[in-house]
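Could you work out the structure for the sequence below:
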Amino acid sequence: MRVVFMGTPDFAAASLQKLIEENYDIAGVFTQPDKPKGRGMEMSFSPVKELALKHSLPVFQPEKMRDGTALQIIKDLQPDILVVVAYGRILPDDILAVPKYGAVNVHGSLLPKYRGAAPIQWAVLNGDKTTGVTTMYLAHDMDAGDVIYTEETEIGEFETAGELFDRLMVMGAELLDKTLRNIEAGTAPRTPQDHSRATYVKMLDKTICPIDWNKSPREIVKHIYGLQPWPVATMELEGKSFRVFGAEYTDIKTGKIPGAVVKADDALVIACADGQCLAITELQAPGKKRMCAADFLRGHKIALS
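Down below sits the predicted model:
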């Protein structure tokens, strides 16, 4: 099967790596244009481009998808199928129509739940017990195409979004291989999504970082672990903004208002909703390194609220 691959970040690179390992005929690789990065603002390659160049695969980085340039490239490459994984661009219908098998996508949720950006992070943030990956045919509307396969997995209670991302990245690559083999064999299913059950999620930004102590301990735990590795949860402590990386449940109860410091000796315990408390286990003070709360408290006196 002759494949044109389209993707940009690490999540996509894992799928490309799988196709390379399984000896698919990869006619070309599309990825987003290079961008300046770091303090020196030097141009950097996407993970997909780095992998493609390592394996001497043709790389294409069109600035636009609707001016005819990308369409002509794809026609010239004559793919049997397009594989799109976190490319970051919406493909117009004329491009989707070129390959005989159409275009397939790997998405980091169990569609139709969590269409859109950052589905993995939102599954953690929302406290879901399970999530998974979906392969689907691309359609005109975002993440609305017919489902081919899904694979489900449990989310660990204290699993970060980054850890879940790494697991789903591998699961998605494996599911993609199965999908392509069965499409070529003519045995792949095709199930329309129930659009009435669709939910949508948005990209994360730093406005979501502050912890709301009026929420339950579990909601706050999921907030902390869902925002790792970026943009990271924050809390105010003695007038300063701390980044928060770890927390655990505690049986301590309090009559103090949410956000009050209940304990600050060998543990940093904060009041939450309904008299419940949460122990912060790992944090980072402004301009300091990340450390466990117990070590921080040995060198810093924090007044109780």
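
going forward, measure contacts between C-alpha atoms and count neighbours the same way
Noted.

Spell out which residues make up each domain of the protein.
Split into domains by automatic domain parsing, the chain comes to 2-201, 206-299.

Please state the mean pLDDT value computed over the first one.
Read that as domain 2-201. The predicted model gives domain 2-201 an average pLDDT of 96.

So residue 158: helix, strand or coil?
Following DSSP: H, G, I helix; E, B strand; the rest coil, residue 158 is assigned to coil.

For it, give me its contacts.
Contacts for residue 158 (CA atoms under 8 Å, 6 or more residues apart in numbering) come out as 221-222, 225.

Residue 195 is in contact with residue 112, isn't it?
Yes - with contacts counted by CA atoms under 8 Å, residue 195 reaches residue 112, the gap being 6.8 Å.

what about the two, which has more around it?
Neighbours per residue (other CA atoms under 10 Å) separate residue 195 from residue 112, with residue 112 holding more: 21 against 12.

Can you report phi and psi for residue 121?
Per-residue torsions, residue 121: phi -60, psi -40 (degrees, to the nearest 10).

Residue 265 contacts residue 295, doesn't it?
No - using CA under 8 Å, residue 265 makes no contact with residue 295, being 10.1 Å away.

Can you pick out the residue with more neighbours from those two?
Set residue 265 next to residue 295 and count neighbours by other CA under 10 Å: residue 265 wins out with 17 against 13.

on that earlier part again, mutual contacts of residue 195 and residue 112, please.
residue 144.

would you put the C-alpha positions of the longest strand anywhere in the chain in PDB?
When the chain is parsed with DSSP state E, its longest strand is strand 240-253. The C-alpha coordinates for strand 240-253 follow below in PDB (Å, rounded to 0.1, in the frame of the first residue of the first chain):
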ATOM      1  CA  LYS A 240       3.600  34.000  45.400                       C
ATOM      2  CA  SER A 241       2.600  31.700  42.500                       C
ATOM      3  CA  PHE A 242       3.900  28.100  42.900                       C
ATOM      4  CA  ARG A 243       3.800  25.500  40.200                       C
ATOM      5  CA  VAL A 244       2.200  22.200  41.500                       C
ATOM      6  CA  PHE A 245       3.300  18.800  40.200                       C
ATOM      7  CA  GLY A 246       2.000  16.300  42.800                       C
ATOM      8  CA  ALA A 247      -0.800  15.700  45.300                       C
ATOM      9  CA  GLU A 248      -2.300  12.900  47.300                       C
ATOM     10  CA  TYR A 249      -5.500  12.300  49.200                       C
ATOM     11  CA  THR A 250      -5.700  12.700  53.000                       C
ATOM     12  CA  ASP A 251      -8.200  11.900  55.700                       C
ATOM     13  CA  ILE A 252      -7.700  15.300  57.300                       C
ATOM     14  CA  LYS A 253     -10.900  17.300  57.800                       C
END
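
Pretty sure residue 50 sits in a helix.
Yes - using three-state DSSP, the assignment for residue 50 is a helix.

Pull the number of nearby residues for it.
The number of residues packed near residue 50 is 15, by other CA under 10 Å.

Put together a markdown table for the domains of the chain, with distance to residue 305 on each row.
Listed next are these as a markdown table, based on distance: least, CA to CA, whole Å:
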| stretch | distance to residue 305 |
| --- | --- |
| domain 2-201 | 27 |
| domain 206-299 | 5 |
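
Helices along the chain, start to end?
Taking DSSP state H to define them, one finds helices in the chain at 10-21, 47-54, 69-77, 93-96, 119-125, 161-185, 217-226, 293-299.

For the ones you listed, give me a markdown table that also has distance to residue 146.
Shown next, in a markdown table, are the helices of the chain (distance: least, CA to CA, whole Å):
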| stretch | distance to residue 146 |
| --- | --- |
| helix 10-21 | 20 |
| helix 47-54 | 26 |
| helix 69-77 | 23 |
| helix 93-96 | 14 |
| helix 119-125 | 18 |
| helix 161-185 | 13 |
| helix 217-226 | 28 |
| helix 293-299 | 48 |
